[in-house]
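> one predicted model, sequence on top.
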There are 2 protein chains.
Amino acid sequence: MPREVTLRDVATQVGVSPRTVSRVVNDEGGFSEATRQKVLKAVEQLGYQPNMLARGLITRRSGTVGLVGGGMTDPFFPALAEGIQRKAREAGRTMFFASTDSDPARQADVLKSLWSHAVDGVIVFPALDTIDQLTGYARRGLPVVIVDDQAEAPNLACVSFDLEAGAAMATRHLLDTGLQRLGMIASSLSPPRRRNRERGFLRAMRESGHRASPPEVLRMLPTVEGGEAGMHQLLDRHPEIDGIFAYNDLVAIGAMRAAKSQGRRVPDDIAVVGCDDIDMSSLVTPALTTIRLDRPLLSEEVTQALHDLIEAPGSPRRPVMIPVELVIREST
Amino acid sequence: MPREVTLRDVATQVGVSPRTVSRVVNDEGGFSEATRQKVLKAVEQLGYQPNMLARGLITRRSGTVGLVGGGMTDPFFPALAEGIQRKAREAGRTMFFASTDSDPARQADVLKSLWSHAVDGVIVFPALDTIDQLTGYARRGLPVVIVDDQAEAPNLACVSFDLEAGAAMATRHLLDTGLQRLGMIASSLSPPRRRNRERGFLRAMRESGHRASPPEVLRMLPTVEGGEAGMHQLLDRHPEIDGIFAYNDLVAIGAMRAAKSQGRRVPDDIAVVGCDDIDMSSLVTPALTTIRLDRPLLSEEVTQALHDLIEAPGSPRRPVMIPVELVIREST
DNA sequence: AACGTTGGCGTCAACGTTGACGTAACCGCT
DNA sequence: AGCGGTTACGTCAACGTTGACGCCAACGTT
């Protein structure tokens, strides 16, 4: 098995010191054009690749970032992961990926492991109530970008979608079509602080002068199955419900299935609005009305924020809030 | 910013040498129970985490593996990525993720970068014709597991789904329902050697005694849009076609959309079979008949193969072929 | 009592790279 | 000629860890 090619190999081949090769490779300056040529030729010829472990050990920059999320089962996340990975690579960083299954303990493990690997920073879709965990790492010097939650700490930035506004928009849209009795299927994985979809929904209901019995909010797992179960429960308890705002598109799709299985037509008997605008949403029948989240923009903002934190540690970053948009299709 | 806690810090706190702390942390033996207790206590107290860069530099094991795939746009891949990541973590390894956009040049970049980061091995869903690239790395000493392609080299293993058999099964199923004129929408991203779905389709057609004009095989991008375009083309050229085998479920879903938009009912006027059994497939209407791929099993086999290659470099690994299964739903 | 063996630990060097610093050669200037 | 500055290198140590080896005390054996 051929040993790895090192600076020394290149150096002896060219007839200079390793330090000089290092200078050329990193383009530090302090070498003549002639040696530059020779070194680069030898680098090419021997197939030299810098060893990031050694480099990272001394520069304290490993050239890696971690992406920590709940999992890949919701198609919303992979699409984001891809965008973030692309941006990271453009910035010369390689991405670790780790999923937590939305379990705080696993998230702790994952962060420990990433810290061990000396990542330059992490992007986290936090599991349940783990803000303290994350601010802890940030205080220990790890740049952390939190998606869809708020916190203050050095080395920490937050980027969120404005889902409270989005939820309010969706709710107003439902009310505008003349519906009277709305319900919401929310997520059991969101801690109170992060229930901005619920807040938006309830706010819009209040503002619309809704004064019947308080609107029904159910919390289920944010999956198709959760949506199905939620819809069944909702229809059992309140058969008069004529509109649903779902936590995300998976839940909405599940809800539509449940409605159909009970013989209720969407949108004639009951309207459904989702959230996320995953690819599937335009393909199901009826096509789902939903809140579109600008994923490329989030990728951009998140990597930018992380980059800034890495380059200027501790500098304050104001939280970023990304506006969202309602896409009206056939389910309302 | 607090400096990282090192072996030395633990050592001085306990009053032993760093080497002893290292022995305890790695459970090498050669220490008394008393020191073990003291060391572990100090480790806990100081929050010591081994520095994988330093460790990897000397042991030549970084504790990382790379996952290289085309991208996250096909939901088939994320589901796999998650499984593989989970298995890798269970084996104590952290996963780098990198997507190639099915572009050989990008794949080359990505591999270079992973090599630089001293990954212990890589799992690759190869882009187009990149087997030589991959065997090159394998020969240089990098354990490589290739998914869905075949090659022979030291440090290289292959794991595939038996899609030729799957495609034949699907085709026979279509023929068994009495259909006469079948077409296939294949992928333009598969090099000839990897066109096993096409081979299975054509073989089943031949074996069935099909003797009309040769069945139509179109190659499109393996996306919903590709499937739509493919179906339109196929119906334009051969309006008599009554059954389609699609490269994957996305293509199949696109094909169904196109059929509907032309006023053809699925499955009454035209039947469609997909491949992969992504989550979406059971949710669209009509629910898609498709070839189910056992993703957990693939994750298992792939990580196992990589693990073996890492532990016993150069040892020969026979290629693994995973059987597949036809799931009959409503689209046929 | 002399001897080998073992357990428990320390010492030293090395992994591949870069930061800090040194130095010789050469330039232009007085 | 002497001086200061610059250019193009080289030297050395360090990052945090582990492999190789060495040492000493305690123990059992002859």
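Received the coordinates, thanks. Numbering: from 1, shown residues only, chains lettered A, B, ... in the order given.

> roughly how far apart are the residue nearest to A:Val327 when sequence neighbours are not counted and B:Ile253?
Excluding its sequence neighbours, the residue lying closest to A:Val327 (C-beta to C-beta, 6 or more residues apart in numbering or on different chains) is A:Arg292, at 4.8 Å. In short, each C-beta sits where N, CA and C put it, glycine included. The gap separating A:Arg292 from B:Ile253 is 20 Å, by C-beta to C-beta, to the nearest Å.

> kindly report the same for A:Ala229.
A:Ala229 is 25 Å from B:Ile253, by C-beta to C-beta.

> looking at the two, which one has more neighbours?
B:Ile253 (27 against 19; other C-beta atoms under 10 Å in any protein chain shown).

> quick revisit: ok, the residue nearest to A:Val327 - contacts?
A:Arg292 makes contact with A:Asp277, A:Val324, A:Glu325, A:Leu326, A:Val327 under the criterion C-beta atoms under 8 Å, 6 or more residues apart in numbering or on different chains.

> around DNA strand D, pick out the residues from the stretch 201-332 of chain A.
Applying C-beta under 7 Å from any atom of the strand, one finds that the stretch 201-332 of chain A does not approach DNA strand D at all.

> quick one, helices of the stretch 201-332 of chain A?
For the stretch 201-332 of chain A, the helices defined by DSSP state H, counting those that start in this stretch occupy A:224-237, A:249-261, A:295-311.

> cool, and the stretch 51-200 of chain A?
Using DSSP H, counting those that start in this stretch, helices in the stretch 51-200 of chain A cover A:52-59, A:76-90, A:104-116, A:131-139, A:163-176, A:196-207.

> quick one, which of these gets closest to chain B.
Minimum separation from chain B across the helices of the stretch 51-200 of chain A (C-beta to the nearest C-beta) falls at helix A:76-90, 3.7 Å.

> as PDB, could you dump the C-alpha coordinates of that closest one?
Extracted in PDB, the C-alpha atoms of helix A:76-90 (Å, rounded to 0.1, in the frame of the first residue of the first chain):
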ATOM      1  CA  PHE A  76     -37.800  18.900   3.600                       C
ATOM      2  CA  PHE A  77     -34.500  18.300   5.300                       C
ATOM      3  CA  PRO A  78     -32.600  16.500   2.500                       C
ATOM      4  CA  ALA A  79     -33.300  19.300   0.100                       C
ATOM      5  CA  LEU A  80     -31.800  21.700   2.600                       C
ATOM      6  CA  ALA A  81     -28.900  19.400   3.400                       C
ATOM      7  CA  GLU A  82     -28.000  19.300  -0.200                       C
ATOM      8  CA  GLY A  83     -28.100  23.100  -0.500                       C
ATOM      9  CA  ILE A  84     -26.000  23.600   2.600                       C
ATOM     10  CA  GLN A  85     -23.500  21.000   1.600                       C
ATOM     11  CA  ARG A  86     -23.100  22.700  -1.800                       C
ATOM     12  CA  LYS A  87     -22.600  26.100  -0.200                       C
ATOM     13  CA  ALA A  88     -20.100  24.700   2.300                       C
ATOM     14  CA  ARG A  89     -18.100  23.100  -0.400                       C
ATOM     15  CA  GLU A  90     -18.000  26.300  -2.300                       C
END
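
> hmm, it in reach of chain B?
Yes. Judged by C-beta under 8 Å from any C-beta of the partner chain, helix A:76-90 comes into contact with chain B through A:Phe77, A:Pro78, A:Ala79, A:Ala81, A:Glu82, A:Gln85, A:Arg86, A:Arg89.

> what is the neighbour count of A:Ala151?
When neighbours are counted by other C-beta under 10 Å, A:Ala151 comes out with 17.

> which residues touch it?
Counted by C-beta under 8 Å, 6+ apart, A:Ala151 has contacts A:Ile131, A:Leu134, A:Thr135, A:Cys158.

> tell me how far stretch A:134-143 lies from the chain's centre.
Remark: stretch A:134-143 is offset 19 Å from the chain centroid, using C-alpha atoms, centre = their mean, to the nearest Å.

> swap in stretch A:83-95?
Using C-alpha atoms, centre = their mean, the offset of stretch A:83-95 from its chain centre is 14 Å.

> please apply the same query to stretch A:293-312.
11 Å.

> anything in that stretch near DNA strand C?
No. Using C-beta under 7 Å from any atom of the strand, stretch A:293-312 never reaches DNA strand C; the gap is at least 14.4 Å.

> and that stretch, average pLDDT?
Taken as a whole, stretch A:293-312 has a mean pLDDT of 94.

> next: stretch A:266-283.
Mean predicted confidence for stretch A:266-283 is 94.

> end to end, how far does that stretch reach?
End-to-end span of stretch A:266-283 (C-alpha to C-alpha, to the nearest Å): 15 Å.

> quick check: buried residues in that stretch?
A:266-267, A:270-283 (16 or more other C-beta atoms under 10 Å in any protein chain shown).

> among those, which one lies nearest to chain B?
A:Met280 (5.1 Å).

> got the contact list for that closest one?
A:Pro75, A:Asp249, A:Ile253, B:Met280, B:Leu283.

> what about the fourth one, distance to A:Ile123?
Spelled out, it's B:Met280. Distance of B:Met280 to A:Ile123, computed by C-beta to C-beta: 27 Å.
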